[in-house]
Structures are given as structure tokens and as C-alpha cells.
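Asker: A structural model of the following input is requested.
(2 chains)
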Amino acid sequence: MNPTLPTAPPAAAGGAPTVASGTSPDVAGASRDGAGGFPILAGGTPSDYVAAARPLLAIEGLEVTFPQGREGRQRVAAVCGASLTIGRGECVGLVGESGSGKSLLALAVLRLVPPPGRVGGRVLLDGREPGGQADLLALPEAAMRQVRGARIGIVFQEPMTALNPFYSIGFQIAEAAAAHRPLGRRAAREEAVRLLERVAIPDARRRLADYPHQLSGGQRQRVLLAMALAGGPELLLADEPTTALDVTLQAQVLELLDELRHDLGLSVLLITHDLAVVAETCDRVAVMYAGQVVEEAAVEDLFRAPAHPYTRALLATLPRLGRPAERGRLPVLPGQPAEPAARPAGCPFHPRCPEAMPICAVEEPPETEPLPAAEAPAAAVATGAATAVRPRRVRCWLHPAVPR
Amino acid sequence: MSATAPPRQGTRLPAGPPQVLLSAIGLEKRYPLRRSSFGWRGRRRGSVAALAGVDLEVRRGECLAVVGESGGGKTTLARCLLRLVEPTAGRVSFDGEDILALPPGDLRRRRRRFQMIYQDPYDSLDPRQRIGAALVEPLLLHRLAGRAAGAWRRRQAARRRAVELLATVGLPASAAERFPHQLSGGQRQRVGIARALAVEPELLVADEPVSALDVSVRSQILNLLAELQQRMGLTLVLIAHDLAAVEQMADRVAVFYLGRIVELAPCAELFAHPLHPYTASLLASVPVLGSPGPAAAAGIRRRFRAPKPLAGEPPSPAAPPSGCPFHPRCPVAQARCAVERPELLPAGPETATPAVGSAGVIRAEGGGALPDTRLVACFFPGSLRGAPVQAPPAGVPRSEGRAAP
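Answerer: Numbers count the residues shown, from 1 in each chain, chains lettered A, B, ... in the order given. Just a heads-up that it's a prediction; the model follows:
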């Protein structure tokens, strides 16, 4: 425990979240008391409630740019103005084609974008103390190191390249565990055993000495999960955690993820290109296209009534089990995904959009404010499924909330 | 659903009994295991059976899909069928001719008739070769570029043909001047298909042709394959793990487990009513997309439907389990399964599905009816009734057909 834990000023009482300065104590080094403790349970002042209603992570207008051209004067935006929120205990799916900026978004949250790339916008992480909120992009590197692993864990896509082939998995997990807590050799080892058991690797103690090549793909993915959990994070960024796996193993890993989420109160950002995976695991979905979040909605709403033409097209093109189309007549989405270097003017989707209008080629549709359930389709209202307010954002001129 | 759907169009099968184009008998492929991890040293220590005796017939004009988990031997099968690796035992005959007995020169000439599409369009093209050159090469190699005298003229003819091939797979002629890195994944896979088609083969073996591609591009490639198959009367062996794609494409499906076929059945029947517990578990593992019903709204996740996702991982082929290779993971295994290995046998009439009808006369269109018996390697076929895979009735109301061009 930190003996002199300074309480952060309840800056957010007015409703508008203010950015705490870079050295916010709750980010810099507070110890973790109780798994996934909600601030609302600790105190009782109104400001606490505001803090609790705030999302755990709010990404606002995130941009990732890379230099281009001979002298690197121009910059190409791989992510341009993406916004997304993740609530506590929530599982948010981030879908999109490759090159849409999904992985870069996750890297940018942890400030891991490789050097020539630059990150702009705001990434607000809710503090553990009421009122504490920090812009990760403005934190000094030392404080950022206390966020990586300890508050936000990440599972990388390719389990073979994310593990070091020269060290045993026990060493690698223990190292991750000891990075954030003062653990002795033996304690770190015990922690590694506990983590391996947590991710359901049979005979964990004996597997500690194994090297990554001795494990199967599914087990490697579990080891990566164990490493991501070692710092006791509140948020897990999972970048295509099951793409390299078979369907049977994919089902196992997704089930494990679900279980961890419920047991540890984790929030999860699940990056995937498989909409079916999202349909089965997530609470909310954000659809990315050309570096922007074009639609964000609750899972049920999105699949029941996709609002953005891109979402509709994506859903229509998927071959579905149990519903074969006439052979050779799968609906297709014509054209290629927009390339960051040759971004179309206006809405980036308009060249492929079956419903494009003149304005789409000229002006980019603005980001709408989250819309309450008034937008929910009649069918959902009739079944009573849409009684809760489920905000939805759509970046399209067709959308009624976008002023033309 | 799939079982009661009207027969699909697109496959023209010749009248009369189905003609076998390619058959494998007792196909086996073993790789030696050595004690040292440096392959050329160390003593031999037994072997791994990647294929443990496979009997398979591919009929002319059909699409046969091979599904299963990775490590099951699907790719080895594809390579053995085309003699890209030398099988350890067994026979492969293509159009009545034993291709394993052919001397190298004859085999090379015969390769014109069977071609392969590789999994990874990023690895299967030479990064330093322009697309045009990659397409011209097989034409010249197989002397398909006309009879014109002079190498230059033949090359010109081959170039013209290459442009035609690009058009066939939906690429512009300008693609011929490009290098592979200048193309997207989907475009590269189209080049891979064009290259296989260059020699006008009868049989195409596609090893995971879409798994490296983006979701929105997959259906384009699948449509292209189906269309080419129909137009050119191709026979297609489709190796895949994407079961939804298989359901779209295949006439018959072979389910692979640990180097063996455990179930072989017409596509619609297999998906409607899997007989082998492994097939049922495999189908149950596929995440289902569709508008979540009231159950999902109530917070019940669809994934907890029966049967549960398959526990455990596929065992190592170096140490296969005794008896039925699937018994350690099988939810309905009994004592007998651990001792005795079930053979791949016709499923009895008692396991026939009422929905499909008597003893599987499946498709009557295109000439004669195909007497199609289902084969299954299990002592208790059909005992694991998987939840039938169902798409929601309405689906996504506003999306259907919208994206079609």
C-alpha cells in the first residue's frame, strides 16, 4: 500500500472531464487494492459517481501518421480521427479489413507505434482514484511504463513472434509479473505457475521450463494471455488473438477470454476481422474503415440493423454457416479497401459505396454525437430489447443525425 | 435449411455413373523422426504418419472439400495427390494412370493436367518476377504458346495469352507489368489462380485459397473459383478450414483427423446432420453470425450451446492415441473406442437422416442420380447430435443483397 496516497482533486465534478496533469499519482504508481475495484464502491461523494459513469478508456480523435515522400514532409495518416470508448468490464470488438488501422490504434493507446510514426489526439484513461484521468499521450515515459502491463495489457497477434524463443515460458511470464511488483525469484516463479493455471494450461508447474517452440499454437496464445495478465491490468487489448488458431482452439480461447473477463472484471478490446467472433463475445462493436471508426453500436443493434453502408456490405458478404447461397453467387463488396496514401476525398468509403450521393465525394461526414436508443429500429423496441440507452455513432451522410 | 434447399445449380455432372478422375488408395506419408534437432544428424527414432492410409476418390466435375484442424494432414494430402511430395506407400491414379510410377519427364508433362493453388499468395509468387513473366513461364514450359517458329514469336503469343488469363480472373492487363508487392492480397491470389489455369488443367487442388485474405475479398475469390469451375468444367479439391466457405463451395466433404478421413459425405447432409462426433464438434466450434435472438438479449451467449467446444488439442501424430484417434477428446467415447480403431465404413440406414431422405440419393439434376453412401469411421455414428447449425430466419433485414454490384 502506498502510505501517503494523495487524493486527486475531484476535477470532473462539472461533468466535462478535464485532463489531469502528466504526473497524476493514480497513474504513476498507486498500488492495486482489490481486483477491478470500482471507485463508486469506495467513496460516496457525487464526484465519484461521475467518475464511475466515465468510461475506463476514451479515445478521442486519434491520429497516427507516417512520413512519406523523399524528405518526409508529407505525412500519411493510417489512423485519422478515430474515437472509441471502453467502459469498465465491457468487451468492445474492433473490426475492419486489414490496413484499416485496427492494430495501430491498439499500439497507439500504449504508445508503442514505431518511431517514424507520430500519434495525435487524446487517449484518456480513467484513474483509479475518483476524478483522476490522464491523457496517455501526454504522460512522461516513466509514467507510461507504469501503465503498460499494469493497467493496460496487450496480447499480440502472432504468438510465435511475440514470444522470445531463447527463454523458457516460465522465465518470460515471471519477468512480466516481476516488472510491476517487487517479487523475489521464487515468488515470481509461483506467480507464473498461478498465471499458467489461470489460463488453463494443464500441468503448469512442469511446463514452466518449456520453450515456446515446444508448445502448440493454442498454448502459445494462452501463454501470451498469461503474460498480459501478469501485471493485473484493468484493460486487455487483444489484437487478433485467435486468427492464427483453428476453429476448435479459437472457441476455447474465446471462452477463456470470456471467463477471465467475468472473474477479473477485465475490460477487453478485441481486435478481429471476424464479425462472427464479435457477435459471440462482445458487448459493443466499432467498425473501422480507412483509419476511422465509421460505426459504433451495441452488438445486438449493429447486427440487427447495421446503419453504415460499409457495415451492411461487410455483413452481406460473409459466407454463413447454415445458409448457403447459390454457388458462385455470394454477394461481394466491389473494389479494394482505401489505401492511406491515396485516400479518397470526402467519405473514404464512397468509391465502393452502393448508396453514395454527390456530397459523399466532396465532404467527409462528421462524427456524430452518440445517439440514444431513439434510433433503435422498431423491431427492437417491440421486443423490449432497446429499453436501455445504447448510444450509437455512425459516420455517414445517410444517417438522420448527420446534418446535411 | 441446407438439407431441404433445392439442389444447387452450377455443377454439371456427366450422365450415368460418376466418373472418377483422381483416386488415392492406401495413401500414406511418413516423416522420419530423429533424436537430434539437427535434422541430418542423430539416429532415426520412428516416424510420424502425416497420412495414415487414405482412400479417396475425386469425381470429374465435382468440388470435394477436405476439412479438419491444422496438423491433421490436409496439406500433406494435397501435396501427395499431385506428387509434390513422394508418398511413403499407396497409389494415386489420375484418369486411370498411376502417377506415382511415372518417370520424371512424363510426370512433368502430365502436370499440365493437374495444378495447385497455394495458400499464401505472399509466398507463392517470386518477388523479383513480374506478373506477366510468372504467367508466361508455364505456357512456354508446356509448349502452349502456339507453334510459331522462333522463341520471340512464341513469347509474344504467350504474352497475349497471359493478358487473357488476367482478364479471366478479373485483373486488368496492366497487372502484367507489376511486381507481386504492388498487388493486394486478393489480387495476388487471383494471379495464383491465373497461373494454375494457364495450362488449362482438369484438376485444381486449392490449398486454403482464401484463408490468407481479407473477409471482404474472400467471397470474391470463392465466386471466381465457382464460376471457373462451372465454365471450364474443372474438378476442384478444396482444402479449407473455413467451414462456411466449404458449405458454399463443396459437393462432397471429407473430414480429416490425424491423417485419416473420419467422415465423407455429401455437403448438405454433412452440415445438416454430422455423423462423426468430431464433425459435430467442429461444426459447433464455428462462431455463428446472425442477429442474436432473444437469448442473446437476455445475456445468454450462444457459444454455450451444446455440444461444448471441443476440449483439448489435437494429439501429436508422432504419438497417436490407441484405438480411435479421436477418443481422448470425444464426448461420447466408450471403452471400445480406446482399444479398437473404427474403419471408414458406409453408415447404416439407421443413421440416415429423415430430413435428407432414404439412403442418400442426393442430386438428381444433371443426369443420373448419384448413389451416395456416407462413410464414417466411428463405432457410434450420430450419437453426438450437435445442435443443428441454424442461421436465424430473418437475418440482417436491411443488408441482404445491398452490397451486390
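Asker: Show me the strands in chain B, by range?
Answerer: B:20-34, B:44-59, B:63-67, B:89-94, B:97-98, B:114-117, B:203-207, B:235-239, B:252-257, B:260-266, B:345-346, B:375-376 (DSSP state E).
Asker: Out of those, the one nearest residue B:171 is which?
Answerer: With CB to CB as the criterion, residue B:171 lies closest to strand B:114-117 of those, at 15.1 Å. Glycine gets a C-beta too; all of them are placed from N, C-alpha and C.
Asker: Can you tell me which helices and strands the closest one packs against?
Answerer: If you count contacts as 3 or more CB pairs under 8 Å, 6 or more residues apart in numbering or on different chains; DSSP states H and E, strand B:114-117 packs onto helix B:185-197, strand B:203-207.
Asker: Distance to chain A, mean pLDDT and mean neighbour count added to the ones you listed, as CSV?
Answerer: Below are the helices and strands packed on strand B:114-117 laid out as CSV (distance: least, CB to the nearest CB, whole Å; pLDDT from 0 to 100; neighbours: other CB atoms under 10 Å in any protein chain shown):
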stretch, distance to chain A, mean pLDDT, mean neighbour count
helix B:185-197, 8, 88, 24
strand B:203-207, 15, 92, 24
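Asker: What does the pLDDT read for residue 183?
Answerer: Defaulting to chain A. At residue A:183, the model reports a pLDDT of 86.
Asker: not what I meant, chain B
Answerer: The predicted local confidence for residue B:183 is 85.
Asker: List the residues that contact it.
Answerer: Neighbouring residues of residue B:183 by CB atoms under 8 Å, 6 or more residues apart in numbering or on different chains: B:131, B:175, B:191.
Asker: Adding distance to residue B:107, write the helices and strands packed on strand B:114-117 out as CSV.
Answerer: CSV is the format used below for those (distance: least, CB to CB, whole Å):
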stretch, distance to residue B:107
helix B:185-197, 17
strand B:203-207, 14
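Asker: and of the ones you listed, who's closest to residue A:118?
Answerer: It's helix B:185-197; of those, that one is closest to residue A:118 (CB to CB) at 27.3 Å.
Asker: helices or strands next to the closest one in the packing?
Answerer: Looks like helix B:185-197 contacts strand B:114-117, helix B:131-141, helix B:151-168, helix B:215-232 (3+ CB pairs under 8 Å, 6+ apart).
Asker: so where's chain B uncertain?
Answerer: B:1-18, B:34-45, B:289-309, B:348-372, B:385-405 (pLDDT under 70).
Asker: Spatially, and excluding backbone neighbours, which residue is closest to residue A:226.
Answerer: residue A:195 (4.1 Å; CB to CB, 6 or more residues apart in numbering or on different chains).
Asker: Repeat that for residue A:246.
Answerer: residue B:69 (4.4 Å).
Asker: doesn't residue B:241 make contact with the one you found?
Answerer: Yes. The criterion here is CB atoms under 8 Å, and residue B:69 meets it with residue B:241 at 7.3 Å.
Asker: got any residues that touch both of those two?
Answerer: A:246-247.
Asker: circling back to that earlier point, nearest to residue B:21 among the helices and strands packed on helix B:185-197 would be which one?
Answerer: Closest among those, using CB to CB: strand B:114-117, at 9.0 Å.
Asker: Strand partners (parallel or antiparallel) of the closest one?
Answerer: According to DSSP bridges, strand B:114-117 forms sheet pairs with strand B:203-207 (parallel).
Asker: pull the CA atoms of the partner strand into CSV?
Answerer: C-alpha atoms of strand B:203-207 as CSV (Å, rounded to 0.1, in the frame of the first residue of the first chain):
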residue,chain,number,x,y,z
LEU,B,203,-8.0,-30.8,-61.8
LEU,B,204,-7.3,-27.9,-59.5
VAL,B,205,-6.2,-28.5,-55.9
ALA,B,206,-6.6,-25.4,-53.9
ASP,B,207,-4.9,-25.4,-50.5
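Asker: Quick one: distance of that strand to the chain centre.
Answerer: Centroid separation for strand B:203-207 versus its chain: 8 Å, with CA atoms, centre = their mean, to the nearest Å.
Asker: next one: stretch B:85-103
Answerer: Per CA atoms, centre = their mean, the centroid offset for stretch B:85-103 relative to its chain is 20 Å.
Asker: On the three-state scheme, the residue most central in space within chain A is what?
Answerer: Geometric centre of chain A, nearest residue: residue A:269, 2.8 Å, by CA atoms, centre = their mean. Per DSSP: H, G, I helix; E, B strand; the rest coil, the secondary structure class of residue A:269 is strand.
Asker: got the contact list for residue A:117?
Answerer: A:64-66, A:78, A:104.
Asker: Tell me how far it lies from residue A:104.
Answerer: Separation of residue A:117 from residue A:104 (CB to CB, to the nearest Å) stands at 8 Å.
Asker: Next to chain A, which bits of the stretch 101-250 of chain B? Give me the list.
Answerer: B:184-186, B:214-216, B:218-220, B:222-223, B:226-227, B:230, B:241-245, B:247-249 (CB under 8 Å from any CB of the partner chain).
Asker: Residue B:158 contacts residue B:138, correct?
Answerer: No. Taking contacts as CB under 8 Å, residue B:158 lies outside contact range of residue B:138: 9.2 Å.
Asker: tell me, what's touching those two both at once?
Answerer: Joint contacts of residue B:158 and residue B:138 (CB under 8 Å, 6+ apart) are residue B:144.
Asker: now residue A:208, nearest residue through space, not along the chain?
Answerer: Nearest residue to residue A:208, sequence neighbours excluded (CB to CB, 6+ apart): residue A:170, at 3.0 Å.
Asker: got a list of what the one you found touches?
Answerer: Residue A:170 neighbours (CB under 8 Å, 6+ apart): A:189, A:192, A:207-210.
Asker: doesn't it fall inside a helix?
Answerer: Yes. Remark: residue A:170 belongs to a helix, assigned using three-state DSSP.
Asker: State the pLDDT value of it.
Answerer: 93.
Asker: Enumerate every residue touching residue A:199.
Answerer: By CB under 8 Å, 6+ apart, the contact set of residue A:199 is A:222-223, A:225-226, A:229, A:256, A:260.
Asker: Was I right to think residue A:260 contacts residue A:232?
Answerer: No. The criterion here is CB under 8 Å, and residue A:260 misses it with residue A:232 at 11.9 Å.
Asker: So for these two, which residues contact both of them?
Answerer: In contact with both residue A:260 and residue A:232: no residue, using CB under 8 Å, 6+ apart.
Asker: Name the single longest helix found in chain A.
Answerer: helix A:247-264 (DSSP state H).
Asker: who touches it?
Answerer: Contacting residues not belonging to helix A:247-264 are listed as A:35-36, A:89, A:91, A:198-200, A:217-218, A:221-222, A:225, A:229, A:236, A:238, A:241-242, A:245, A:266-268, A:270, A:277, A:280-281, B:69, B:241, B:243, B:281-282, B:284-287, B:301, B:303, B:309-311, B:313 [CB under 8 Å, 6+ apart].
Asker: If we use 6 Å, what do you get?
Answerer: By CB atoms under 6 Å, 6 or more residues apart in numbering or on different chains, the residues outside helix A:247-264 that reach it are A:35, A:218, A:221, A:242, A:266, A:268, A:281, B:69, B:285-286, B:309-310.
Asker: For the residue nearest to the centre of chain A, which non-adjacent residue is closest in space?
Answerer: residue A:237 (4.9 Å).
Asker: quick one: the one you found and residue A:255, what's the gap?
Answerer: 19 Å.
Asker: do the same with residue B:311
Answerer: 10 Å.
Asker: neighbour-wise, which of those two wins?
Answerer: Remark: of residue B:311 and residue A:255, residue A:255 carries more neighbours, 18 against 12, as counted by other CB atoms under 10 Å in any protein chain shown.
Asker: So for the more buried one, what's the pLDDT?
Answerer: pLDDT at residue A:255 comes out at 86.
Asker: pretty sure residue A:277 is in a strand, no?
Answerer: No. Counting by three-state DSSP, residue A:277 is not part of a strand but helix.
Asker: and residue A:236, how far is that from chain B?
Answerer: 18 Å (CB to the nearest CB, to the nearest Å).
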